[in-house]
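Asker: Sequence first, then the predicted structure, then my questions.
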Amino acid sequence: MPVVSSTLVQLLQALFDQGALSRALEREDWSAKLLPQLTPVEHTTPDAWFHGLVRLVTQHGTMQRLFELMRRERPGRVAEIDAVAQSFASTTMTAGAAALRARYATLLRGQLDKLPDVLRIVGGPRTVEAVYVEVKLAAHEHELDYGIDAPYAKGREAARRFLEGGDDLRGRVPLTQVLSHPHRRWGLLGDPGSGKSTLLRHVAIELLGDPDGSLPIYLKVADLSRGLSEAVETMCLAFHDTELISFVLGEAQAGRATLLIDGLDEAEDLPTARRWVSGVASKVGHSQIVVASRPIGYTEPAADFRTLTLCPLAAAEQHELLTRWVKDPARAERALERLSRAPRLRRLVENPLLLTLVGVLLRKGQDVPSRRSDLYERALKLLLTRDHDGEDAAPFAPMREPGLTLELLSWAALRLHGLEGEAYQRDALIAALEADPRRAVFLAKH
């Protein structure tokens, strides 16, 4: 048996007697197929039983599950367990592990590089990478604009108290530079539509391109409700590749992964969601974590998280993004010049999602409106009617009454503005619609 496996056997014998570990294994779902193959504890020596356990766990690809059980059952010995786990993982990056990584890269890239159907228009871009432009992050508040005409100025103001700065991250920096920093825990704040999800997806795809680099794991905060192991298992089951479960978990726990966690602000219970994230952080050692959120309501998941904020698009980035949607660069430049002259629209082009909506309108042959409300209305009508979907977009059920939907959305947006909020939770929106007599009649008919 290899030296590292012998070390694991020795550690198991130091932490457990056969009976205690056997009973702990009986409570685990993952060991159901493994236990019948083990010689009963009363019929063998402790040394032979522990060696047999390690051999079977290795064969079944459940080594990381065993380490998780050990940490849970013996929390006072976590440092010893982690040291052996890391040694074990470092000896298993074989050709088989490389093949697993390659499979994982293909599956994850296919999931993350899809542009949402709602933005896929005939002849237009099809992937996230086709429209991505590099956005920058700020660690210092002076890099952000808190003017009253800035989009989501309230959110930017809320972000200020988290930006302590630091001499090692000056100016506006890309996320790839942040990931080369020795610090391992980051909060990423951004206004609605500022590009948080797109940035995380792009970085994951970029990391997948380096077979020897950190393994990206892209998850939604809601995926973590039952812990990292369940989240990774659910992801791999969706990929129809259960062999990847132990590999992905092993990379995370060995400190060789980058966890990109999206949507902290979308959680219904923010304190609970923060505990999910901090719980994951406590289990992945040196692996990096980036968790994205809107600024409103944000608090760091744990004391060791440092916070960065997405910067507004600069002029060069605005032009680059719009020309991803508009084939004629001169037309794109004219549209940006027109928008820059309109006081109520000038600042909207700093937001990637809103500028993308401008690009979709231009791509459909429409002109850029001179009023912000007209831009929103035209973009929403275009998205609601869905007549712009590309030939290979996913099937969808046509919306029966886009006009009614637009009316209900307008009412909800006005009410939300009055409440000085940024987003509705699904149940809260339904309750608000049902509480209004006129809207309730509409809902009852549909």
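Answerer: Yep, that arrived.
Asker: The protein - how does it break down into domains?
Answerer: Domains of the chain are assigned by automatic domain parsing as 3-90, 112-310, 315-445.
Asker: Comparing these, which stretch has the densest surroundings?
Answerer: domain 112-310 (a mean of 18; mean count of other Cβ atoms under 10 Å). For every residue, glycine as well, the C-beta is placed using N, CA and C.
Asker: Kindly check the end-to-end length of it for me.
Answerer: Separation of the first and last residues of domain 112-310 by Cα to Cα, to the nearest Å is 20 Å.
Asker: Correct me if wrong: residue 358 contacts residue 335.
Answerer: Yes - assessed by Cβ atoms under 8 Å, residue 358 is found in contact with residue 335 at 6.6 Å.
Asker: Mutual contacts of those two, please.
Answerer: Each of 322, 368 lies in contact with both residue 358 and residue 335 under the rule Cβ atoms under 8 Å, 6 or more residues apart in numbering.
Asker: on that earlier part again, next, format the domains of the chain as TSV and append mean pLDDT and distance to residue 101.
Answerer: Formatted as TSV, the domains of the chain follow (pLDDT from 0 to 100; distance: least, Cβ to Cβ, whole Å):
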stretch	mean pLDDT	distance to residue 101
domain 3-90	85	13
domain 112-310	85	6
domain 315-445	76	28
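Asker: Pipe these into a markdown table and attach distance to residue 97 per row.
Answerer: Shown next, in a markdown table, are these (distance: least, Cβ to Cβ, whole Å):
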| stretch | distance to residue 97 |
| --- | --- |
| domain 3-90 | 9 |
| domain 112-310 | 6 |
| domain 315-445 | 34 |
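Asker: the strands in this structure, which residues?
Answerer: Applying DSSP state E to the chain gives strands spanning 137-138, 172-173, 185-189, 215-220, 257-262, 288-293, 306-310.
Asker: Enumerate the sheet neighbours of the second one, specifying parallel or antiparallel for every one.
Answerer: It refers to strand 172-173. strand 137-138 (antiparallel) (DSSP bridges).
Asker: Residue 401: which of the strands of the chain is closest?
Answerer: Nearest of the strands of the chain to residue 401, taken as Cβ to Cβ: strand 215-220 at 30.5 Å.
Asker: Could you tell me the angle between that closest one and strand 288-293?
Answerer: If you take axes from the mean of the first three to the mean of the last three Cα atoms, to 10 degrees, strand 215-220 sits at 20 degrees to strand 288-293.
Asker: Show the secondary-structure elements that strand 215-220 is packed against.
Answerer: With contacts taken as 3 or more Cβ pairs under 8 Å, 6 or more residues apart in numbering; DSSP states H and E, strand 215-220 sits against helix 95-112, helix 196-208, helix 228-238, helix 244-253, strand 257-262.
Asker: please redo it, this time with the cut-off set to 7 Å
Answerer: With contacts taken as 3 or more Cβ pairs under 7 Å, 6 or more residues apart in numbering; DSSP states H and E, strand 215-220 sits against helix 95-112, helix 196-208, helix 244-253, strand 257-262.
Asker: Out of these, the one nearest residue 123 is which?
Answerer: helix 196-208 (21.1 Å).
Asker: No more questions from me, cheers.
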